[in-house]
Structures are given as structure tokens and as C-alpha cells.
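Undergrad: next comes the sequence, and after it the predicted model I'd like to discuss.
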Amino acid sequence: MINDYSITLLWALGTIVFIVVSSLLVGFGAKRIAKTAKASIRKQNDIAAGYAFVSPWLIGFIIFVMIPMLTSLYWSFTRYRLPDPPQWVGLQNYIRLLTNDKDFTASLFNTLFLTLFGLPLQLIAALGLAQLLNRQAKGERIFRAAFYMPVILGLNSAVLLCWRLMLNANNGLVNTFLRWASELFPPFNWLMRIGIYVVEFVNAFFFGLQNKNFIMLEKIMAAGMPSPDRIPLWLQSPLWTKTSIVLLLVWSCGAMMLIYLAALYNVPKEFYEAAEVDGASPWQKFRYITLPIISPYTFYNLIVGTIASIQIFEQVYVLFRDTPTVAQSAYSVVYYLWRATFRFNEMGYGSAISWLLLLIIFVITLIQFKAQSKWVTYDLK
């Protein structure tokens, strides 16, 4: 009898056979084309070998990327609910997205918030950590490993569940520490209350822009400063959901930190020495030497970070999937895409969201590339 293990083994063997046969066919076809073009025997063999070795990636790209993309593009113009076949509706999905879907508009606003506030804080934290590690103090390797550990762990479900426990309003580790610090050091309590007011004010203002209703902002302004026993409601209040995600984004800035650390190693020391001779302060050296020289690395982090922020999904899904009412304040575009496609079975509508998201990322990236000439320095003069 054929068991599950045998089926898996047969699929693996079939995959290997498919890769070998397809590689030989691609190489043979390339050789025939080269022969038709009257290339030499040696060049024909080189072309055949090259295409044979590159064909696994090429065929995999066609099967797993190009075909699904083209299929998704077709579905975006259809009304497609499994198991029914797709029905052509033209631009109706896109018109609905842009004119008649308040949830999609809310997800766009939320994603914009996470990008505008989370990404700059990520860049600042990454550069600050890189500056500390660039001092080459004792225990430098330990600190590097500690700061890079979030990247190694990744924002997977297990790590996010740990954060969900730590951000619990009542007995979570974060609020427990905040209470302890407030009792031990009273000025910290004032700073925390100011921070709570600023966060809730900004989020309420953003909600007002999103919903064209500033009632929540008026209530916060009328209430004034929070009471001394107030704590952040990280996962329980719509005014704190996006801030929780921003906190996770800053926590996971290790990859950006390594890029900045490599950039700081490449700054010529002679520039700092010449600046010291001229009497430059540490801030002036950082402002006029460090920042311009590492600007290409900042540009890279900005591009990659923007795309990652727009595509954010795991944090929203794990932290707020059990609280649908609160989760609406943290919907990202990709989370709404998952919700429309896999929860409500709207394959065509989800495909339209994905292609609109691709267009948004392309336009933002294009603008960033166009604007880089104004602030990115590639040549040292």
C-alpha cells in the first residue's frame, strides 16, 4: 500500500526528474538556436551549458512567479468566489476599492501611519545603535548579537505571541516595568503621562482625518493630562494599536543597524581628524561628515524599510486576530488583502487589492529614486 511517506517520496523524485529533463531541454533548445545563428561549436556548447544550469531558476520563476502574477492580474478583473468560475466584470473591483470601500481606505490610512511614524523611528534607532557599536568598546560582539537577535528570531508567530503577553495591559512585562519605574522615580511618571497624552492625541487626530470626525480628539483634549495611575493600553485601545506595531518595528531594526555599521566603517578617519583640527564639534562632524557619506546606505534602508512597512502583516494578524473590534484600527493593506481573499473568499477582489498595492509601492519607490539626487551623496569631493 502507498502511504503518505511514499507519496512524498514520489513527488520528490518526480520533481528531480522534471528539473533534470527541463534543464536538458532548455540547454538543447539554446544550442539549436545558437547553431541556427551559425555560432562556433565551442560557443554552442558554452551556451547550452549556461542555459542548462540557469534553467532551474528560470523555469521556477516562470512557474511560481510569472504564471501566478498573470493569473492574479486576470482575476483582478473578475468576480471570483471559489468554487464558482471567475466572471469578467472589468474595472468594477478597482472602482469599488477606490470609491466605495471604507475598510480599504482605513487600511490605507493605517499603513500610511505605520510608514510615516514607524520607519523614521526605525532608521533613527538603527543609526543610534550602529554609532554605539562603532565605538569598539569591550563586549562589542555581545551587544552586536543582542541587537541583531530580533532579526535572527524574526517576527514569527512565537515571538509575536510573546510580545502579545508582554504588552498585556494588566500584568504584561512592559506595563509592570512602567509601574515599577513610576513608583521608584516620580519624574518618570510625569514623562509617561506626557507620552500617553501625546500618543493618544496623535492617534485621535489621525482617526479624525480618517473618519472626518474629531469627537475622539475633542474628548482627549477636554480630559487633559492622564491620571497618575494611567498605563498604556497597548492591545486594548484603538488609540494604541498602531503604536504597538511601531514599537515592534523599532525593536526589529537589527538589519538596518548592520547596514549602518558597515557604512560607518567605510567613513575615512582622515575626515574626522581634519574636522577636529578645524575645531568641529561632535555634532558638526556627525552632521557634515557622517550623514552625507552614509546617505547611500540610508537610501537603501529607506527603500527596503518603506516596502516592508507597506507590506506589514504578521504583527497585525497575531496581535489582534482575536479582537476584531480593536483590530479595525490596525488593519494594514496586506491584512485587509488576506481578509478579503481567504476569509471572505473574494479571490478577484483580493487580486485587485494586490495589484493596487503593487502600483502604490512602485509609485512611492519611483518618487524616492527621483528625489535621491537632492540628498544622497555618492561621490566624495
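TA: Received the coordinates, thanks.

Undergrad: looking at this, Asp322 is in a helix?
TA: No: per DSSP: H, G, I helix; E, B strand; the rest coil, Asp322 lies outside any helix segment and is coil.

Undergrad: and Ile19, how many residues sit next to it?
TA: Applying other CB atoms under 10 Å, we find 14 residues neighbouring Ile19. To be clear about C-beta, it is placed using only N, CA and C from the backbone, and glycine gets the same treatment.

Undergrad: hang on, isn't it packed against Pro56?
TA: Yes: applying CB atoms under 8 Å, one finds Ile19 in contact with Pro56, separated by 5.3 Å.

Undergrad: flag every buried residue along the helix or strand harbouring Arg141.
TA: Assigned by DSSP states H and E, Arg141 belongs to helix 140-153. Buried positions in helix 140-153, judged by neighbour count with 16 or more other CB atoms under 10 Å: Arg144, Phe147, Tyr148, Pro150.

Undergrad: centroid-nearest residue for the protein?
TA: Ala308 (1.9 Å; CA atoms, centre = their mean).

Undergrad: could you measure from it over to Ile294?
TA: 20 Å (CB to CB, to the nearest Å).

Undergrad: equivalent analysis for Gly128, please.
TA: Counting by CB to CB, the gap from Gly128 to Ile294 is 13 Å.

Undergrad: distance to Asn301 and pLDDT for the buried residues of helix 140-153 - can I get that in a markdown table?
TA: Output for the buried residues of helix 140-153, formatted as a markdown table (distance: CB to CB, whole Å; pLDDT from 0 to 100):
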| residue | distance to Asn301 | pLDDT |
| --- | --- | --- |
| Arg144 | 18 | 75 |
| Phe147 | 15 | 78 |
| Tyr148 | 15 | 79 |
| Pro150 | 16 | 78 |
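
Undergrad: pipe the residues you listed into JSON lines and attach distance to Val246 per row.
TA: As requested, the buried residues of helix 140-153 are exported to JSON lines (distance: CB to CB, whole Å):
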{"residue": "Arg144", "distance to Val246": "24"}
{"residue": "Phe147", "distance to Val246": "18"}
{"residue": "Tyr148", "distance to Val246": "20"}
{"residue": "Pro150", "distance to Val246": "15"}
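
Undergrad: farthest-apart pair in those, please.
TA: Pairwise distances among these were taken by CB to CB; the largest, 12.5 Å, belongs to Arg144 and Pro150.

Undergrad: now the terminal residues of stretch 220-239, how far apart.
TA: End-to-end span of stretch 220-239 (CA to CA, to the nearest Å): 11 Å.

Undergrad: tell me the one of the buried residues of helix 140-153 nearest Ile67?
TA: Closest approach to Ile67 among the buried residues of helix 140-153 (CB to CB): Pro150, at 35.3 Å.

Undergrad: pretty sure the closest one contacts Leu249?
TA: No: look at Pro150 against Leu249 with CB under 8 Å: they stay out of range, at 10.4 Å.

Undergrad: low pLDDT regions in the stretch 101-250 of the chain?
TA: Residues of the stretch 101-250 of the chain meeting the criterion pLDDT under 70: 137, 139.

Undergrad: one more time with 80, if that's ok
TA: 135-156 (pLDDT under 80).

Undergrad: which parts of it are helices?
TA: 102-113, 119-133, 140-153, 157-166, 173-184, 186-211, 215-223, 241-251 (DSSP state H, counting those that start in this stretch).

Undergrad: quick one, domains of this protein?
TA: Listed domain ranges for the chain are 4-66, 76-169+241-381, 173-232 (source: automatic domain parsing).
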